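>>> Quick one: sequence and predicted model below, then my questions.
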Amino acid sequence: MIVSGGENVFPQEVEHVLARVPGVADVAVLGVPDEEYGQRLAAYVVAAAGARLSADELRRTVKEELAGFKVPRDVEFVASVPRSPTGKVERDRLLRG
């Protein structure tokens, strides 16, 4: 769970919305430090081959389905989401780039 500005956000809920967007091959949503809110949501998105996605499009999709405070402020496109052998996102590796 991520606490952002006093609101509780479950990253899996946001990940499920983003994963349904055509062209999204993989996604991870994490809390990252934020001076104003304590934490903010950051989405790390892997686009499928040939897909043309935009950060604004992904934010709009989340906003249409979930509350505004659940919309990731940061959307970063990455080549892959690093995962452990059990499938858990390796947060430290992802944040280091």
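Looks like it came in fine.

>>> switch to C-alpha atoms for all contacts and neighbour counts from now on
Noted.

>>> give me every residue that touches the residue at minimal distance from the centre of the chain.
The chain has Ala43 as the residue nearest its centroid, 2.1 Å off, counting by Cα atoms, centre = their mean. Going by Cα atoms under 8 Å, 6 or more residues apart in numbering, Ala43 touches Val27, Ala28, Val29, Leu30, Pro72, Asp74, Val75, Glu76.

>>> Let me know the pLDDT of Gly97.
Each residue has a pLDDT score; the one for Gly97 is 67.

>>> Pull the number of nearby residues for Asp34.
Close neighbours of Asp34, defined as other Cα atoms under 10 Å, add up to 12.

>>> now swap in the one 4 residues further on and tell me
By the other Cα under 10 Å criterion, the neighbourhood of Gly38 contains 14 residues.

>>> Surely it and Ser4 touch.
Yes. Gly38 lies in contact with Ser4 (Cα atoms under 8 Å); the separation is 6.0 Å.

>>> What ranges does this structure have for its strands?
With DSSP state E, the ranges of strands along the chain come out as 2-4, 7-9, 24-34, 38-47, 74-77.

>>> and these, which is most packed in?
Of all those, strand 38-47 carries the top mean neighbour count, a mean of 21, counting by mean count of other Cα atoms under 10 Å.
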